[in-house]
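*Asks:* Got a predicted model here, sequence first, then my questions.
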There are 2 protein chains.
Amino acid sequence: MARIVQKFGGTSVGTVERIKIVAEKVKATVEQGHQVAVVVSAMAGTTNQLVAWTKECGILHDAREYDTVVAAGEQITVGLLAIALQNIGVDARSWLGWQVPIYSDDTHGSARIERIETENLIARLEQGQVAVVAGFQGVGPNQRISTLGRGGSDTSAVALAAALDADRCDILTDVDGVYTCDPRVVPKARKLDVITFEEMLELASGGAKVLQTRSVAMAMRHGVKLQVLSSFEDLPGTMVIEEKPDMEKNKVNGIAFSVDEAKVTLVAIEDAPGVAATLFGALADANINVDMIVQTAASAPGKTDITFSVPGSELERSQKVIADIGDALRYQDIITSADVCKVSVVGVAMRSQPGVAKTMFATLAEKGINIEVISTSEIKISVLIASAYKELAVRSLHTAFGLDVD
Amino acid sequence: MARIVQKFGGTSVGTVERIKIVAEKVKATVEQGHQVAVVVSAMAGTTNQLVAWTKECGILHDAREYDTVVAAGEQITVGLLAIALQNIGVDARSWLGWQVPIYSDDTHGSARIERIETENLIARLEQGQVAVVAGFQGVGPNQRISTLGRGGSDTSAVALAAALDADRCDILTDVDGVYTCDPRVVPKARKLDVITFEEMLELASGGAKVLQTRSVAMAMRHGVKLQVLSSFEDLPGTMVIEEKPDMEKNKVNGIAFSVDEAKVTLVAIEDAPGVAATLFGALADANINVDMIVQTAASAPGKTDITFSVPGSELERSQKVIADIGDALRYQDIITSADVCKVSVVGVAMRSQPGVAKTMFATLAEKGINIEVISTSEIKISVLIASAYKELAVRSLHTAFGLDVD
């Protein structure tokens, strides 16, 4: 007997028919003798509708009211799933954030979970009752409903698993696991049986959208055993785990890419303290998310070149921000390029096994792909390349690192 | 300065545009210097959708889960209205049933309000904040959400007005007051400036659907000053008040009618104790709502005739129930008629002023309308007549009792 948290996302509960399928899946787990807490999102589309209504009612408002409206989506799903479970003979009850309670801070709209009271929940689980818990919501100070921000149901599930000391947290979704790369781009992509938290985090920040980054970080912090698997098929998924000494040592475990990147180079900027702070401070103030940053020596003495990437949709705004502070930066020229993408190779084993960078660069060179920017972390190497080469680069690297399915 | 409860129904908050109009109406009341608590229903159509989903998920379920799902409708409206108010500069916050709290009993799906805690609400009202309270919902034992049954928002508003000791409870709806009769049938119907609680109750049970019967009874019990008025126009409505000695003494203040009635007569049934109990007990067990009952002497000795009315849609089932217990009743014949309607004249003054029955029967006779069944209460006289004569009867009585608009 184990205690399991199962999380079902919006498409898995998008219609009454799907809610009934979810109920059958939960029943099967119960019949294996497990204690089950289910976390569900709003039915697909509901949250968007509710958010649109709040916007139509007015932009200038108290985020607590936004949360009151939007949390209704999960409230509907938990009640419906409890009914569907009861109808197939499974003892179940719904739990809203304030009923559990799942206490959060007061940053309404993107609240952080502070504490989950589990006494009542555990008592019911131990009686064999399934707990159907509303994801994405909690209760803030003064008994006001809070929400955790988009994608917050993953975080709810992980936080609940940690608080319940669950044996496993299953994230059931519309993909059947974590792949070495997006199968739509790399047909030979392979489903991973295991991946480490750190790799998962790097893949997520590199553009892979399987799990919300925040939930992975939380699972890592609390040692929650995460599994990503299909809500439609009955197959084992991918376990996200801590690194272990005896793990299979693939140098690279996944390849991520993100499109819609733009590159900006300021040529021959003054090489003086405070210049970078001025530049990136102004961009941050404008809420522009800068990703890769590289600084190189410029040809002129006392000068340097700075290159960085921003989302493609922010290129125009970025140029405006830079123009506004141009006097302070005193750059000679600005070069921008909108047609770039970021490709990253990720693997915890690259810490101990050198040669990954060499293989990566050689593979790209062999295909005639020019690298425009490079940045590295302990377990990731990212490059910016021309967008036109994205698929070629990703597939070549997938093969070069031995990730192709047999 | 007064303390006012304003209730807006589903059509008044049916779209975001209408919610904004409601916000303007509330703002106008606030600017008159009043303390305002607003009670709102779900957006028109929402409750039906949510109820349909619960049915699709399964019939056999815990009513607490039904309540969790359905209460989401009002939760959405209160948040949206609070946002709309805040956007036009009105300080407002939403209050869900469990946040007030509005404590109810545990008959989920049609719960009764037991107690409303008003301390927090009053503190905010006195600071000038508008309270936007979810109608139709409360919180039952064990912190579970309860709902009051269809039309329950009227009851929420009246209960809140009683608990807040409000100066007035305004029910804003899609009609602009209580009329002497349905204006669609009697074009000369007149809007009443005042009506007594008892008259309102009799009109409601006679088929007029302006206010939920339960809310009127509650207002009467607690002495809440009720006003029915239009949510779309800015006109005084109808005040529902206690009877006062100096009230204008119309013999009749309103005429109600209900269609879809059927008449059943059991001829020469045994006139013995327990027979009526057997008959109406069986009908009650089958959930058939019997309205008028009249017993008369039959021609044969030791026999009696019993006539009663049921909803037209229940006639067939009623006949089946009677056939099943036919041996116990030993009636000689059964006569049914589906094409009848009930017409009632209502007025508190008929208590002290005789002659209403005489005027009613003479008016109908003059038009050649045959009365099939008569029943009376202290302030109401009802007759069953052939449906074909409905409009003629109602208009003739409206004129005969001096109710026509000038």
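*Replies:* Cool, the structure landed.
*Asks:* in which helix or strand would I find the residue in the stretch 151-300 of chain A positioned nearest to chain B?
*Replies:* Residue nearest to chain B within the stretch 151-300 of chain A (Cβ to the nearest Cβ): residue A:153, separated by 16.6 Å. The way it works is simple: take the backbone N, C-alpha and C, and place the C-beta from them, glycine included. Assigned by DSSP states H and E, residue A:153 belongs to helix A:152-163.
*Asks:* Now find how far off-centre stretch A:319-337 is within its chain.
*Replies:* On the basis of Cα atoms, centre = their mean, to the nearest Å, stretch A:319-337 sits 32 Å off its chain's mean C-alpha point.
*Asks:* cool, stretch A:203-215 as well?
*Replies:* That offset, for stretch A:203-215, works out to 3 Å (Cα atoms, centre = their mean).
*Asks:* now do stretch A:266-275
*Replies:* With Cα atoms, centre = their mean, you get 34 Å for stretch A:266-275.
*Asks:* got the buried residues for the lowest-mean-pLDDT helix or strand in chain A?
*Replies:* When the helices and strands of chain A are compared on mean pLDDT, DSSP states H and E, strand A:293-297 comes out lowest with a mean of 83. Buried positions in strand A:293-297, judged by neighbour count with 16 or more other Cβ atoms under 10 Å in any protein chain shown: residue A:294.
*Asks:* Over to stretch A:69-89?
*Replies:* A:69-87.
*Asks:* try stretch A:48-67
*Replies:* A:50, A:53-54, A:56-58, A:61-67.
*Asks:* low pLDDT regions in chain A?
*Replies:* Applying pLDDT under 70 to chain A flags residues A:150, A:206-208, A:245-249, A:298.
*Asks:* redo that, cut-off 80
*Replies:* Counting by pLDDT under 80, the ranges of chain A that qualify are A:60, A:150-151, A:204-209, A:244-251, A:297-300, A:352-354, A:406.
*Asks:* how's it carved up into domains?
*Replies:* A:3-174, A:254-400 (automatic domain parsing).
*Asks:* With distance to residue B:221 added, can I get these in JSON lines?
*Replies:* Listed next are the domains of chain A as JSON lines, based on distance: least, Cβ to Cβ, whole Å:
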{"stretch": "domain A:3-174", "distance to residue B:221": "30"}
{"stretch": "domain A:254-400", "distance to residue B:221": "57"}
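*Asks:* Out of the ones you listed, which one sits most buried?
*Replies:* domain A:3-174 (a mean of 21; mean count of other Cβ atoms under 10 Å in any protein chain shown).
*Asks:* and stretch A:214-234, which residues are buried?
*Replies:* Within stretch A:214-234, the residues scored as buried using 16+ other Cβ under 10 Å are A:214-220, A:224-232.
*Asks:* Run the angle between the lengthiest strand in chain A and strand A:293-297 for me.
*Replies:* Once chain A is assigned using DSSP state E, the strand that runs over the most residues is strand A:254-270. Orientation check (axes from the mean of the first three to the mean of the last three Cα atoms, to 10 degrees): strand A:254-270 against strand A:293-297 gives 40 degrees.
*Asks:* List the pairing partners of strand A:254-270 within its sheet, with orientation.
*Replies:* Paired strands of strand A:254-270, with direction, are strand A:303-311 (antiparallel), strand A:333-346 (antiparallel) (DSSP bridges).
*Asks:* after the last one comes which helix or strand?
*Replies:* The element immediately downstream of strand A:333-346 (helix or strand, assigned by DSSP H and E) is helix A:356-366.
*Asks:* CA-only coordinates of that following helix in CSV, if you can.
*Replies:* C-alpha atoms of helix A:356-366 as CSV (Å, rounded to 0.1, in the frame of the first residue of the first chain):
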residue,chain,number,x,y,z
VAL,A,356,30.3,17.4,-24.5
ALA,A,357,31.0,20.9,-25.8
LYS,A,358,33.5,19.6,-28.3
THR,A,359,31.0,17.1,-29.6
MET,A,360,28.3,19.8,-29.8
PHE,A,361,30.4,22.3,-31.6
ALA,A,362,31.9,19.8,-34.0
THR,A,363,28.5,18.4,-34.9
LEU,A,364,27.2,21.9,-35.7
ALA,A,365,30.3,22.8,-37.6
GLU,A,366,30.0,19.6,-39.7
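*Asks:* so where do the strands sit in the stretch 151-300 of chain A?
*Replies:* Applying DSSP state E, counting those that start in this stretch to the stretch 151-300 of chain A gives strands spanning A:168-173, A:194-196, A:226-230, A:238-241, A:254-270, A:293-297.
*Asks:* what does the stretch 51-200 of chain A put close to chain B?
*Replies:* Residues of the stretch 51-200 of chain A lying close to chain B (Cβ under 8 Å from any Cβ of the partner chain) are A:53-54, A:56-62, A:64-69, A:71-73, A:75-76, A:78-84, A:86-88, A:93-94, A:96, A:98-99, A:143-145.
*Asks:* re the thing from before, who wins for proximity to residue B:184 among the strands paired with strand A:254-270?
*Replies:* For the strands paired with strand A:254-270, the distance to residue B:184 is smallest for strand A:303-311, at 59.7 Å, taking Cβ to Cβ.
*Asks:* what distance separates the helix or strand following the closest one from the centre of its chain?
*Replies:* In the C-terminal direction, the helix or strand that comes right after strand A:303-311 (DSSP H and E) is helix A:315-324. Chain-centre distance of helix A:315-324: 28 Å, with Cα atoms, centre = their mean.
*Asks:* With stretch A:106-123 instead?
*Replies:* 21 Å.
*Asks:* With stretch A:26-33 instead?
*Replies:* Worked out by Cα atoms, centre = their mean, stretch A:26-33 lies 29 Å from the chain centre.
*Asks:* Which residues does it contact?
*Replies:* A:1, A:4, A:6, A:36, A:38, A:81, A:85, A:88-90, A:92, A:128, A:130 (Cβ atoms under 8 Å, 6 or more residues apart in numbering or on different chains).
*Asks:* try stretch A:229-240
*Replies:* Outside stretch A:229-240, the residues that touch it by Cβ under 8 Å, 6+ apart are A:8-9, A:12, A:21-22, A:25, A:170-178, A:191-197, A:200, A:211, A:216, A:219, A:225-228.
*Asks:* end-to-end on it?
*Replies:* 11 Å (Cα to Cα, to the nearest Å).
*Asks:* so what's residue A:350 up against?
*Replies:* By Cβ under 8 Å, 6+ apart, residue A:350 lies in contact with A:251-252, A:356, A:378-379, A:381.
*Asks:* and if we set it to 6 Å?
*Replies:* By Cβ atoms under 6 Å, 6 or more residues apart in numbering or on different chains, the contact set of residue A:350 is A:251, A:356, A:379.
*Asks:* ok, which stretches of the stretch 51-200 of chain A are helices?
*Replies:* For the stretch 51-200 of chain A, the helices defined by DSSP state H, counting those that start in this stretch cover A:63-70, A:72-87, A:119-126, A:152-163, A:197-205.
*Asks:* could you give the angle of the third one to helix A:152-163?
*Replies:* When the same axes, to 10 degrees is applied, the directions of helix A:119-126 and helix A:152-163 differ by 80 degrees.
*Asks:* Does helix A:119-126 pack against any helices or strands, and if so which?
*Replies:* Helices and strands touching helix A:119-126, by 3 or more Cβ pairs under 6 Å, 6 or more residues apart in numbering or on different chains; DSSP states H and E: there are none.
*Asks:* can you list contacts of that helix?
*Replies:* Applying Cβ under 6 Å, 6+ apart, the contact partners of helix A:119-126 are A:35, A:131.
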